[in-house]
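Asks: Quick one: sequence plus predicted model below, questions after.
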Amino acid sequence: MTDARKAPLKLAVVGHTNVGKTSLLRTLTRDVGFGEVSHRPSTTRHVEGARLSVDGEPLLDLYDTPGLEDAIALLDFLERLERPGERLDGPARLARFLDGSEARQRFEQEAKVLRQLLASDAGLYVIDAREPVLAKYRDELEVLASCGKPLLPVLNFVSSANHREPDWREALARLGLHALVRFDSVAPPEDGERRLYESLALLLENARPQLQRLIADQQAQRLARQQSAARLIAELLIDCAACRRSVVSEAEQEQQAISELRKAVRQREQKCVEALLKLYAFRPQDAAASDLPLLDGRWGDDLFNPETLKQLGVRVGGGIAAGAAAGAGVDLLVGGITLGAAALAGALAGGALQTARSYGSRLLGKIKGQRELTVDDGVLRLLALRQRQLLLALDQRGHAAMDAVQVATPQDKSWREGKLPDALSKARAHPQWSSLNPHAKLNQAERQEQIDLLAADL
Amino acid sequence: MTELTPLQNLWLTETIRLREEHAGPLEDLEANRLARAAGGDLPSRIQRRAAWLAERDGLSTALKHWLQGARLALVLLVIFALLSGAGLAFAALSQSTVNVFWALGSLLGLNLILLLSWALGLIFAGEHGATLGRLWLWLSEKLARDAKAAQLAPALLLMLQRRKLNRWALGTLVNGLWLLAMLSALVLLLTLMATRRYGFVWETTILSADTFINLTQALGALPALLGFNVPSMEMIRASGDAALGIESARQAWATWLVGVLVVYGVLPRLLLTLLCFWRWNRGKAALALDLNLPGYAQLRERLMPTSERLGINDAAPEQLHRVESSVSEHASEGALLVAIELDDQRSWPPALPKTVSNAGILDSRESRNKLLEQLSRFPPARLLIACDPRRSPDRGSLALIAELARNASATRVWLLQAPPGEALDSARLGDWHVALQQLELPFADCAPMNWLENGHD
């Protein structure tokens, strides 16, 4: 573990004012609350750091700096610092500038940036790719280059329609900066962070192991987040599919039950949205789903759903074999006299008894004129579609984005028309799997198994 | 207090996860701090946090009680297995004339049938393996005395189920108990046969003697490989009529019986116990927290933050450097139009009256200095500065505008319209308005050509 003693790599995020330096930091650190972002120039007036760690070990320190605003005048000033007959190199000239009084007055902001870049291993030069390549940007780069630190240009806002990436590439190449990264901090490309760190590793050969670790960890975490999210969605779907309300068939009470069901499903969806946002480190107000369309409820006649019947019939048959494992123990206890009865009892007590009881009470309800209300297939499809869409949006969203994700009713047909996954039709027959029902048994291994299957499907 | 094993640690962690999932998050500031301070990878931090919370809430004690109960139950089961094994042997050798096949059936029949059903259960357990678990959940729900411990049993079950370990754990238990029962039967069988005299017979009504001879020899073939005697054909045939009084025949039948019991009773259970135990141990070693579970995924940021703020290390100044603008006192003459930082997408300059001169587009330092020098020598009476409000109004541009304005008697700023097909960002336009108001310069979004030409609107 030689890396453990290594100090983290220090990077200064520099650039013109208003090009999205703080936004880039927010996205790289997945921290929506970092610094302050606004359309005004000179929003950030201080230098603030953030640290990226892997397995508790700090690997990368990023510093947000104020924007450079007056590079033309600064460069002019720097050139005039040289006394006649003297030839200073970049860092020496900067040192003289930083000692002088203008570094505390007119060029105070610029001085902060240069001090931080001098203290860092490299700089990320953020560019608003929508801007033309103006002389002031060239002068900025010249001032920054005089720090003697590697600079990696980062093209921001490249997903905007009127960006001028080719102009910038050419201009940067002319200045000797050939490595550059496209990274839109609002909608970062899927492999954006990896490319950024890989390009950095080219500039900073010594830091390659650290950066590789960071890349691997971020990849792993992205995957883990996707899997966690799929589970959350699967739980939502199982909860809704298994949801069941018994109501007397009277128009008024039916209406009330329907609106209650609708409310419960809506709240459950909101809970899932919040959990997804939390998982992706966004704030609750960062997403809004439009209200569920007309939810009629589903008049359940799935009392004769094959799965319900299977539970009662086939499951007992299959259960004997499995229950026999329990039965063996029980058999010993009863002295090894009867083998079948005890094994059967094990199977029955295990599952079928419960099923039979619930089936019985439902049948009784039916005879008494009660009706059962469940969530319509269409609504399940819609929930699945919407949550998947939200997940996709969150996965691609930078933590610098300011507007809320709007999850509209999607038009995608794949989930809408295909067959619903088996796990959902199974859940229909297990009211105890839904957290929306009373007496829910959420820890049943079978429920977890179906959630896993459904999550894999998603 | 003994240290918890890794398995028990995982179990407690899973219990805490379930508790938080069902009853909302626990107050965990101190636990998180301690876990963070202790370091290590994420699973060990999660476990440390869970261990601390479990200790605080008495879950660890509940777990220990539970384990004590389980141990007690195991002891009872072992005693029971030993007793029922002995019972089997007693039942087989209850009379001095022993019907060998009845004895065999009583010793092995139940064992073999249950073994078969267990094996079937194992094969089909993929789908129905949860039945037993449900029974156990139901039992533990009924037996759980306090809410804290209510999640203990589900947690263990879920954790084992995830790796399909419960069947191996259970297999070890069941086969181990049967092994004990068989061993106890074997010991008692040997004791009984050592201390009492038994005669061995077989009886049939419809089957022929050859069937029994073949059956006996077939059953004896495997034990014979291990050195157990098989009664000779004559001996078997003779035993069909009456129990033989000859010592060698008694011994031959006795060793045959013991051999069959060992090979078909003890050995399969022994092998299966070892197999299950091996699988269980292997699975146990591979058992780890499933970090993809939302409950754990959410802990990551709290226990091992991937990013943390380092705070401000160079504070903001109380106020930024202000750009001042004033008006030239020198005698001035003429009108001038100048543009700042326009891109090449615009056609520039617009059509100008003859009295207005065009100073072109300022971009680089050289062009700035050249114009400023010229202006200081021949200050214009009216200066119109054209700006593209799509650029951001940074201090450099404002300083330039102010400096230009200082060299003219009157200055106005023309904020250009967006080129066709594009729209101006209203927020940025607002920033320009604020900045120009601070410079006290009049601005408009169309060219004040009249003013520029004649000096009045």
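Replies: Arrived safely.

Asks: which regions of the chain lie under the pLDDT threshold?
Replies: Using chain A here. Filtered on pLDDT under 70, chain A yields the residue ranges A:1-5, A:288-370, A:406-417.

Asks: oops, I was thinking of chain B
Replies: Counting by pLDDT under 70, chain B contains low-confidence residues at B:1-2, B:125-149, B:243-244, B:320-325, B:328-331.

Asks: Show me what the longest helix along it packs onto, helices and strands only.
Replies: In chain B, with assignment by DSSP state H, the single longest helix is helix B:59-92. The contact analysis (3 or more Cβ pairs under 8 Å, 6 or more residues apart in numbering or on different chains; DSSP states H and E) places helix B:59-92 against helix A:314-333, helix B:6-23, helix B:42-56, helix B:100-104, helix B:152-162, helix B:166-195. The way it works is simple: take the backbone N, C-alpha and C, and place the C-beta from them, glycine included.

Asks: what do you get if the cut-off is 6 Å, keeping everything else the same?
Replies: Packing contacts for helix B:59-92, counted by 3 or more Cβ pairs under 6 Å, 6 or more residues apart in numbering or on different chains; DSSP states H and E, involve helix A:314-333, helix B:166-195.

Asks: Pull out the buried positions in it.
Replies: Neighbour counts using 16 or more other Cβ atoms under 10 Å in any protein chain shown place B:59-60, B:62-63, B:66-67, B:77, B:80-82, B:84-89, B:91-92 of helix B:59-92 among the buried residues.

Asks: Repeat that for stretch A:167-175.
Replies: By neighbour count, with 16+ other Cβ under 10 Å as the criterion, the buried positions of stretch A:167-175 are A:Trp168, A:Arg169, A:Ala171, A:Leu172.

Asks: farthest pair in those?
Replies: Spanning the widest gap among these are A:Arg169 and A:Ala171, at 7.4 Å by Cβ to Cβ.

Asks: contacting residues around A:Asn443?
Replies: B:Pro154 (Cβ atoms under 6 Å, 6 or more residues apart in numbering or on different chains).

Asks: Would you mind measuring from the closest residue to B:Gln151 other than its chain neighbours to A:Glu82?
Replies: Leaving aside its chain neighbours, B:Gln151 sits nearest to B:Leu18 (4.3 Å; criterion: Cβ to Cβ, 6 or more residues apart in numbering or on different chains). Per Cβ to Cβ, to the nearest Å, B:Leu18 is found 71 Å from A:Glu82.

Asks: go on, B:Leu293?
Replies: Distance check for B:Leu293 against A:Glu82: by Cβ to Cβ, it reads 63 Å.

Asks: go on, A:Lys112?
Replies: As defined by Cβ to Cβ, A:Lys112 lies at a distance of 23 Å from A:Glu82.

Asks: quick one, which of those two is more surrounded?
Replies: More crowded of A:Lys112 and A:Glu82, by other Cβ atoms under 10 Å in any protein chain shown: A:Lys112, with 23 against 13.

Asks: Is that one part of a helix or strand, or is it coil?
Replies: Reducing the assignment at A:Lys112 to three states with DSSP: H, G, I helix; E, B strand; the rest coil gives helix.

Asks: Wait, it touches B:Asp314, no?
Replies: Yes. Assessed by Cβ atoms under 6 Å, A:Lys112 is found in contact with B:Asp314 at 5.0 Å.
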